[in-house]
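Enquirer: Structure for the following, please:
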Amino acid sequence: EADDTSILPVERSPLLSVLSCCLVCVAAFSQGVLLMWVNPVLPQLVNGTDHDDHLPPLDDVKLSFVTSAHNIGSMIGAALSGLFLVLAKYLGLHRLFPLLALCSSLSWLLLSTVPHYQAVIAGRALAGLFV
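Expert: Here you go, the predicted structure:
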């Protein structure tokens, strides 16, 4: 006698589906903002500001690392995308998207709170992984 429970659909929470959709929309907006973040911030990174700076003024070498870190992270993320698909198979997309959003939030925290240019590079590279 065959087991008929394997063909029954699995009930998922509609709240989890709505949350996953919202996270995807926010993640797309976040990635766009992070990709273009350097453009308005570039003069402040080079010259500094009049008030207490988050980062000291950067020279050309450090600035080149900051601007290219997102692209380097994107290349690594493209190479690792197969692992994310395998992970999605086991966890499901509804559970994987919040985990990826948590990593994206970590990249924003590195950019905004840690006062070292290495953290800005790490934050932009981490954000590039999830493009």
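Enquirer: name the helices or strands packed onto the longest helix anywhere in the chain?
Expert: As assigned by DSSP state H, the longest helix anywhere in the chain is helix 14-36. Helices and strands touching helix 14-36, by 3 or more C-beta pairs under 8 Å, 6 or more residues apart in numbering; DSSP states H and E, are helix 93-113, helix 117-128. Heads up, the C-betas are built off the backbone N, CA and C, glycines and all.
Enquirer: Comparing these, which comes out most buried?
Expert: Compared across these, helix 117-128 shows the largest average neighbour count, a mean of 22 (mean count of other C-beta atoms under 10 Å).
Enquirer: hmm, back to that, among the helices and strands packed on helix 14-36, which is nearest residue 65?
Expert: helix 117-128 (5.2 Å; C-beta to C-beta).
Enquirer: contacts for the closest one?
Expert: 30-31, 34, 37, 55, 58, 62, 65-66, 69-77, 103-104, 106-111, 114 (C-beta atoms under 8 Å, 6 or more residues apart in numbering).
Enquirer: in stretch 24-41, what counts as buried?
Expert: By 16 or more other C-beta atoms under 10 Å, the buried positions in stretch 24-41 come out as 27, 30, 31, 34, 35, 37, 38.
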